[in-house]
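J.: Give me the fold of what follows.
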Amino acid sequence: MDSILSPTTFHFQLRSRPLLTPFPPSILTINRLKNPRHCVHNKGVFGPQPLRVFATSAPSAETASNKSSSSIPSEMKAWTYTEYGGVEVLKLESSVAVPEVKVDQVLIKVVAAALNPVDFKRRLGKFKATDSPLPTIPGYDVAGVVVKVGSQVKDLKEGDEVYGDISEKALDGPKQFGSLAEYTAVEEKLLALKPKNLDFVQAAALPLAIETAYEGLERAGFSEGKSILVLGGAGGVGSLVIQLAKQVFGASKVAATSSTGKLEFIKSLGADLAIDYTKENFEDLPEKFDVVYDAVGQCDKAVKVVKEGGSVVALTGAVTPPGFRFVVTSTGETLKKLNPYLESGKVKALVDPKGPFPFDKVSEAFSYLETNRATGKVVVYPIP
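T.: Now for the predicted structure:
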């Protein structure tokens, strides 16, 4: 799914890569986190200062909330890449400058982050014509705690637990300081308070996917009483389209495609008709739909099952009329609008069961995402 972010340009002076001090993987259980504290003393690749000593343990909400501006280090750990390519270009750096906060931004202590297809497509150089200069810290989705606010920030304050897509536009000059780092700076308008019933992992799984799902339905003119077919119903966006169509927009019927093993899963989300794409051709269905939401790149087939006057939302691949492609404009207002549905449990955050992946396993998380077999979202947690 190719979504978007606002242009922010940072310039770094690259230096020769220092030998990184290795740190052991975090151990995650359902209710308890054990993560030893470590100290790292490396020279920076993104800045000239030596790294200050600080903990790599992932903070609880209380710990992160108690972090004041005066205790923010000048440098942090972050995943970076200095050239386009496969997962091998990703490097975990121990001494990256903490981003400066602009007047309309807040600094977030990142607790969890999620990966999206746009992350690896960007890393592969598919958007280099509009990309910001390298090096890059990847990552769009974030959940964390505000530790510093800009002078023009109106509603957020230090200690607030927030979530969001850190960039307004994903492809047009996206930020160099992404969410796969200990800290990230984000415009207040892109954030919302984290739903009270969700933990940071669940919250991180939502922003870019749920905003894309919602805006795509709006752009298609979807409304109460209409029918929809979702292609790729078990994926990050598709799983949320099913839920939003049913719970927020009031769909009369929701159909969705998935592989055999995920049919019950998409039914549990609200799909009235679950189609096994390994055994059936959805384009041969006698039934037609008001909207087809194509999250997999099969617009040429999708147009065969859309009603006259209907539309096909295409997130990837070639577009055939009446299909249309859009790139989401991220905004915290959408998240605020959907928070009541999340807090009531009508719409659920979906985290792939193979995750969350600890911070030192980001390369493995990307490799898994790129198999296109994830169910829901691939989340990185804890972030030291």
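J.: quick one: contacts for residue 119?
T.: 138-140, 366, 369 (CB atoms under 8 Å, 6 or more residues apart in numbering). Every C-beta, even on glycine, is put in place using the N, C-alpha and C of the backbone.
J.: center of this protein - which residue?
T.: With the centre of the chain defined as its mean C-alpha position, the nearest residue by CA atoms, centre = their mean is residue 141, 3.4 Å away.
J.: Please name the nearest non-neighbouring residue to it.
T.: residue 114 (3.9 Å; CB to CB, 6 or more residues apart in numbering).
J.: so that neighbour bridges to which residues?
T.: Beta-bridge partners of residue 114, counted by DSSP bridges, are residue 141, residue 379.
J.: quick one: it and residue 204, what's the gap?
T.: 5 Å (CB to CB, to the nearest Å).
J.: next one: residue 343
T.: For residue 343, the distance to residue 204 - CB to CB - is 17 Å.
J.: Apart from its neighbours in sequence, what residue is nearest residue 300?
T.: Nearest one to residue 300, counting by CB to CB, 6+ apart, is residue 320 at 4.8 Å.
J.: re earlier: redo the contacts of residue 119 as TSV? Include secondary structure, distance to residue 161 and pLDDT.
T.: What follows is these, written out as TSV (DSSP: H, G, I helix; E, B strand; the rest coil; distance: CB to CB, whole Å; pLDDT from 0 to 100):
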residue	secondary structure	distance to residue 161	pLDDT
138	coil	23	98
139	coil	18	98
140	coil	19	98
366	helix	26	98
369	helix	25	98
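J.: who has more neighbours, residue 114 and residue 204?
T.: When neighbours are counted by other CB atoms under 10 Å, residue 114 comes out ahead of the other of residue 114 and residue 204, with 37 against 32.
J.: so how far is residue 82 from the more buried one?
T.: Taking CB to CB, one finds residue 114 at 23 Å from residue 82.
J.: if we can go back for a sec, shared neighbours of residue 114 and residue 204, which are they?
T.: Shared contacts of residue 114 and residue 204, defined by CB under 8 Å, 6+ apart, are found at 141, 377, 379-380.
J.: Show me the two of these that sit farthest apart.
T.: 377 and 380 (10.3 Å; CB to CB).
J.: Spell out which residues are contacts of both of these two.
T.: By CB under 8 Å, 6+ apart, residue 377 and residue 380 have these common neighbours: 114-115, 204.
J.: So which of these is the closest to residue 152?
T.: Nearest member of these to residue 152, counting by CB to CB, is residue 204, at 26.1 Å.
J.: Spell out the secondary structure type for the closest residue to residue 353 other than its chain neighbours.
T.: Excluding the flanking residues, the one nearest residue 353 by CB to CB, 6+ apart is residue 375, at 6.8 Å. Recorded secondary structure, residue 375: coil (DSSP: H, G, I helix; E, B strand; the rest coil).
J.: swap in residue 365?
T.: helix.
J.: got a list of what it touches?
T.: Counted by CB under 8 Å, 6+ apart, residue 365 has contacts 115, 355, 357, 378, 380.
J.: Quick one, grab the pLDDT at the first one.
T.: The per-residue pLDDT reported for residue 115 equals 98.
J.: Number of residues surrounding it?
T.: 31.
J.: looking at it, it is touching residue 378, isn't it?
T.: Yes - contact criterion CB atoms under 8 Å: residue 115 and residue 378 qualify, at 4.6 Å.
J.: shared neighbours, these two?
T.: What both residue 115 and residue 378 touch, as defined by CB under 8 Å, 6+ apart, is the set 365, 369.
J.: quick one on the thing from earlier: now the shared contacts of residue 377 and residue 380 in TSV, with distance to residue 165?
T.: What follows is the shared contacts of residue 377 and residue 380, written out as TSV (distance: CB to CB, whole Å):
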residue	distance to residue 165
114	10
115	12
204	10
